[in-house]
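Enquirer: Give the three-dimensional model of this entry:
(2 chains)
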There are 2 protein chains.
Amino acid sequence: MSQGPPTTVLSADGLHGSLGDPLMEVMNFLNEVTSRHPDAISFGPGRPYEGFFETARIGHYLDVYQRYLSQELGRTPDEVRTMLFQYGRTNGQIHELVARALRNDEGIDADPDSLVVTVGCQEGMFIVLRALFRDPTDVLLVSSPCYVGITGAARLLDIETVHVPEGASGADLETLRRTVAELRAAGKRPRAFYVVPDFSNPTGSCLPLPARHRLLELAEQEDLLLLEDNPYGFFTRSGTGLPTLKALDGRRRVIYLGSFAKTCFPGARVGYVVADQGVRTADGSRRLLADELSKIKGMVTVNTPAIGQAVIGGMLIAHDFRLREANKPAADFYRENLAVLLDSLDRLLPPERRERAGIHWNAPEGGFFLTLTLPVPADNALLERSARDHGVIWTPMNHFYPDPDGGGRYQLRLSLSCLTPQQVAEGARRLAGLLGRSCL
Amino acid sequence: MSQGPPTTVLSADGLHGSLGDPLMEVMNFLNEVTSRHPDAISFGPGRPYEGFFETARIGHYLDVYQRYLSQELGRTPDEVRTMLFQYGRTNGQIHELVARALRNDEGIDADPDSLVVTVGCQEGMFIVLRALFRDPTDVLLVSSPCYVGITGAARLLDIETVHVPEGASGADLETLRRTVAELRAAGKRPRAFYVVPDFSNPTGSCLPLPARHRLLELAEQEDLLLLEDNPYGFFTRSGTGLPTLKALDGRRRVIYLGSFAKTCFPGARVGYVVADQGVRTADGSRRLLADELSKIKGMVTVNTPAIGQAVIGGMLIAHDFRLREANKPAADFYRENLAVLLDSLDRLLPPERRERAGIHWNAPEGGFFLTLTLPVPADNALLERSARDHGVIWTPMNHFYPDPDGGGRYQLRLSLSCLTPQQVAEGARRLAGLLGRSCL
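Expert: Residues are numbered from 1 along each chain as shown, chains lettered A, B, ... in the order given. Purely as a prediction, here's the structure:
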């Protein structure tokens, strides 16, 4: 391509509207702050800790999966080759293995045919939204503040999103019910509610068991689907967690969005959807929602890469389809980080002092995140000062609200998942330094 | 989940409209015919031949890539681990390697930052469409008949697609120009033209060099972007191909959709987009279209799986960034298949006999596909009879037209890519048997 003639320049306002939405730039902003302050301790990213990853194991898991194909399933070497190298089944090739793990780990008894193996949970969200949302009257409800992956996916598809403010214990069901009624009255179709019941991103909240039952009833009464996203459920403080919505879902109201990013590793980009709802066509035939999702997935990524599936399949086999058990060391690690963070904050900002200043935080029962509330705006300007003068990075909670001025102005998210306990302690010290300057 | 209470059944007409479009089921139909006739010789799928795949090489390519990271780029073992296991750069980690191969193989000199490494070419098409198409006035033009991957992706995004009938030598530029003018007059914005200049799927047509230059001029004059898809360019009959549109693109009118599915292997699901156009925002800042695509990709799949990228990266390195050369044995193989098919058809249906019957076919200069025209409808009923009574499968051309009755009724596509020369010869014999029964 020559340097000579003028080259094509597109006008940003001729591109899809999502590209002008600040929502789509949240990640870039954080990465940019991080890259300018490489020595800062970052409570920013929700990535898993890397200390448990072993490069040499990739080959081992690939071998385990191939042995399974040949010895357990009786596939010939040529068939194994086809499964690894060729285009494959749209809804995945490790669906039966995933179903076995789901039964052991979550007590979810899913027909393997109701599973769609996706390119990470993100693709799962995306294809589920595409399938369920027909036209501009359809509305997605989300617990707010909310993971940007779901609101971003909705934005790409021009799906209207309505935020239901979270209470101290996760989704606020009375507000949800009222919002559904208001939307119906306005001629809208409230189609689905996206929720992370266990240790939500960004707040760390957890929906109590009675509320889970009530949410399932509400979904049934209001003809709402529940999109349950559960990346953090294994990482509890007590060691035992609550049953997922899907495990309690007698009526198949729940579309379960599964992820291996935190329980195996993110680089595989393997997630899955349990879509066991029926779909009735005009001619009276019945099929699984998973079969409909397959048509959409085929036009987004064709199929989930075989090699990533093979590695995750090998991990599932190697851990005897019990990822919860395999993740015990990781759960212990995150539990210690959470304890160190809570203890450090408590010691550095003792109750009387922080109450006087109007600083407080929640104490999640697990997961990767914690919410800290300040008496001053926890905005990008404070973040910049925090990174530059105190060497500590975090995420303004504001980024998880739809409208940049819509909420969370005085809150920030602390993520503890990719630091060592020593870094968590040092990070808490630096954070206390910032707060001492800014709030006390 | 209990068997007791009634479970959720969704109404198909409450789902997104794409799911009711026959376009989305084409692949299922073909797979279903194939599975009912496992002994038939199939000229159906456009998959690459598997004889060149070697399972044991996966580990080797992974090693090569890791050695490159540590020895060439000086990455520490921890950094290598992060690159393989963790979330990664949205636009990919092998973009520089891909850019080197593009320079050697295609004479395309792309800034690595203008590349987006995607989950196969399909995701590339999808995110490009999402970025470029703003609202319902925007129209995608496609050369028709057309690969269903692009029309399917457009359907998911409710993008209007207008088909420009192909001539004997690919895209018909006069019709294209007229269609653009008509759309403009109707208040539409003809935004982009999707084209496979080299050995198109499904017809096998190839756009001559002068037409390539004229198409680039037309795009410039009409402010049209060209979406060039090039999966088959290496597989020529003569050994040398024509320059791609992108290689001739002095004005950056071409968004290049690259695939490794046929030149490396499909299971990796690694493709890429060259999006080197500028984007000017309201505040006067400038960025690359690739940066905008990144925002969209982040909400579809987060990033392309690292392990697939590592394997493809290893292959690029191992072949000294010259995939065209590495694909010589494959090109020879497909060339022989094409020769066998053309020779067999010519022998089995000699000129006088076929002319009398109104049977003819094209003789593509390369690629995976050939178009056969019959005097009778090449429809699903004939396909069923072909599979059952003659043991040979092919694809009704009709499937590649937007409206099932819109064209190609008397044509079929023969794909020669995943058969051996012996199977091609036997398949041609069976096909001649069918034609003898049905047309002669």
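Enquirer: Near whichever residue of the stretch 101-250 of chain A sits closest to chain B, how many other residues are there?
Expert: Nearest to chain B, among the residues of the stretch 101-250 of chain A, is residue A:152, at 3.8 Å (Cβ to the nearest Cβ). All C-beta atoms are positioned from the backbone trio N, CA, C, and that covers glycine. Residue A:152 has 24 neighbouring residues, counting by other Cβ atoms under 10 Å in any protein chain shown.
Enquirer: Quickly list the domain ranges of chain A.
Expert: Following automatic domain parsing, one gets these domains for chain A: A:15-44+A:328-438, A:59-325.
Enquirer: who wins for proximity to residue B:6 among those domains?
Expert: With Cβ to Cβ as the measure, domain A:59-325 is the member of the domains of chain A nearest residue B:6 (7.2 Å).
Enquirer: average pLDDT for that closest one?
Expert: What domain A:59-325 shows for mean pLDDT is 96.
Enquirer: Start and end of that domain, how far apart?
Expert: Criterion Cα to Cα, to the nearest Å; first-to-last residue distance in domain A:59-325 is 22 Å.
Enquirer: from memory residue A:68 sits against residue A:310, does it?
Expert: No - assessed by Cβ atoms under 8 Å, residue A:68 is found out of contact with residue A:310, at 9.5 Å.
Enquirer: Tell me which of these two has more neighbours.
Expert: Using other Cβ under 10 Å as the criterion, residue A:68 and residue A:310 rank with residue A:310 on top: 29 against 20.
Enquirer: And that one, how far from residue A:59?
Expert: 11 Å (Cβ to Cβ, to the nearest Å).
Enquirer: now swap in residue A:407 and tell me
Expert: 47 Å.
Enquirer: Quick check: longest helix in chain A by residues?
Expert: If you go by DSSP state H, chain A has its longest helix at helix A:328-348.
Enquirer: Find the residue at the geometric middle of chain A.
Expert: With distances taken as Cα atoms, centre = their mean, the residue of chain A nearest its centroid is residue A:231 (5.5 Å).
Enquirer: got the contact list for it?
Expert: With contact set as Cβ atoms under 8 Å, 6 or more residues apart in numbering or on different chains, residue A:231 has these partners: A:121, A:196, A:201, A:259, A:261, A:262.
Enquirer: Contacting chain B as well, which ones from those?
Expert: residue A:261 (Cβ under 8 Å from any Cβ of the partner chain).
Enquirer: among the contacts of residue A:231, who's most crowded?
Expert: residue A:196 (28 neighbours).
Enquirer: Counting neighbours, what do you get for the closest residue to residue A:438 other than its chain neighbours?
Expert: Residue nearest to residue A:438 in three dimensions, not counting chain neighbours: residue A:376, with 5.6 Å by Cβ to Cβ, 6 or more residues apart in numbering or on different chains. Here the number of neighbours of residue A:376 (other Cβ under 10 Å) works out to 14.
Enquirer: What are the neighbouring residues in contact with residue A:376?
Expert: A:382, A:410, A:438, A:439.
Enquirer: picking that back up, could you identify the pair within the contacts of residue A:231 that is furthest apart?
Expert: Pairwise over the contacts of residue A:231, using Cβ to Cβ, the maximum falls at A:196 and A:261, 13.5 Å.
Enquirer: List the contacts of residue A:229.
Expert: A:121, A:125, A:147, A:150, A:194, A:195, A:196, A:257, A:259 are the contacts of residue A:229 under Cβ under 8 Å, 6+ apart.
Enquirer: Now the third one: closest residue in space that isn't a chain neighbour?
Expert: Distance criterion Cβ to Cβ, 6+ apart; nearest residue to residue A:147, sequence neighbours excluded, is residue A:201 at 4.8 Å.
Enquirer: ok, the one you found touching residue A:364?
Expert: No - with contact defined as Cβ under 8 Å, residue A:201 and residue A:364 do not form a contacting pair (10.9 Å).
Enquirer: So the residue nearest to the centre of chain A: helix, strand or coil?
Expert: Using DSSP: H, G, I helix; E, B strand; the rest coil, the structure places residue A:231 in coil.
Enquirer: Could you report the separation of it from residue A:125?
Expert: Applying Cβ to Cβ, the value for residue A:231 to residue A:125 is 12 Å.
Enquirer: Assumed residue A:372 was part of a helix.
Expert: No - per three-state DSSP, residue A:372 lies outside any helix segment and is strand.
Enquirer: ok, so what distance separates it from chain B?
Expert: Distance, residue A:372 to chain B, by Cβ to the nearest Cβ, to the nearest Å: 24 Å.
Enquirer: For that residue, which non-adjacent residue is spatially closest?
Expert: Counting by Cβ to Cβ, 6+ apart, the residue nearest residue A:372 is residue A:361, at 4.6 Å.
Enquirer: residues from the stretch 151-300 of chain A in reach of chain B?
Expert: With Cβ under 8 Å from any Cβ as the criterion, the stretch 151-300 of chain A meets chain B at residues A:152-153, A:155-157, A:225, A:249-253, A:261, A:265-270, A:276-282, A:286, A:289, A:292, A:295-296, A:298-300.
Enquirer: are any of the residues you listed buried, and which?
Expert: Neighbour counting by 16 or more other Cβ atoms under 10 Å in any protein chain shown classes A:152-153, A:155-157, A:225, A:249, A:251-253, A:261, A:265-270, A:276-277, A:279, A:289, A:292, A:295-296, A:298-300 among these as buried.
Enquirer: quick one, phi/psi of the residue nearest to residue A:372?
Expert: For residue A:361, the backbone dihedrals are phi -150, psi 160 (criterion: degrees, to the nearest 10).
Enquirer: Report how many residues lie close to it.
Expert: Residue A:361 has 20 nearby residues by other Cβ under 10 Å.
Enquirer: Okay, and which of the residues of the stretch 151-300 of chain A next to chain B map to helices?
Expert: A:152, A:153, A:155, A:156, A:289, A:292, A:295, A:296, A:298, A:299, A:300.
Enquirer: How about the contacts made by residue A:297?
Expert: A:90, A:91, A:116, A:118, A:123, A:127, A:303.
Enquirer: Can I get those residues in a markdown table including secondary structure, neighbour count and distance to residue B:98?
Expert: Shown next, in a markdown table, are the contacts of residue A:297 (DSSP: H, G, I helix; E, B strand; the rest coil; neighbours: other Cβ atoms under 10 Å in any protein chain shown; distance: Cβ to Cβ, whole Å):
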| residue | secondary structure | neighbour count | distance to residue B:98 |
| --- | --- | --- | --- |
| A:90 | coil | 22 | 26 |
| A:91 | coil | 25 | 29 |
| A:116 | strand | 29 | 29 |
| A:118 | strand | 30 | 24 |
| A:123 | helix | 29 | 22 |
| A:127 | helix | 28 | 27 |
| A:303 | coil | 26 | 21 |
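Enquirer: and chain B, which of those reach it?
Expert: Within the contacts of residue A:297, those near chain B by Cβ under 8 Å from any Cβ are A:123, A:303.
Enquirer: now check stretch A:409-428, is it near chain B?
Expert: No - taking Cβ under 8 Å from any Cβ as the criterion, stretch A:409-428 and chain B are apart, separated by no less than 8.6 Å.
Enquirer: Span of that stretch from start to end?
Expert: Taking Cα to Cα, the first and last residues of stretch A:409-428 lie 21 Å apart.
Enquirer: If you count neighbours, what's buried in that stretch?
Expert: Applying a neighbour-count criterion of 16+ other Cβ under 10 Å, one finds A:409-419, A:421, A:423-428 buried in stretch A:409-428.
Enquirer: and if you look at stretch A:379-398?
Expert: For stretch A:379-398, a neighbour-count test (16+ other Cβ under 10 Å) marks A:379, A:382-383, A:386-387, A:390-398 as buried.
Enquirer: how far out from the middle of the chain is stretch A:386-402?
Expert: In terms of Cα atoms, centre = their mean, to the nearest Å, the centre of stretch A:386-402 is found 19 Å from the chain centre.
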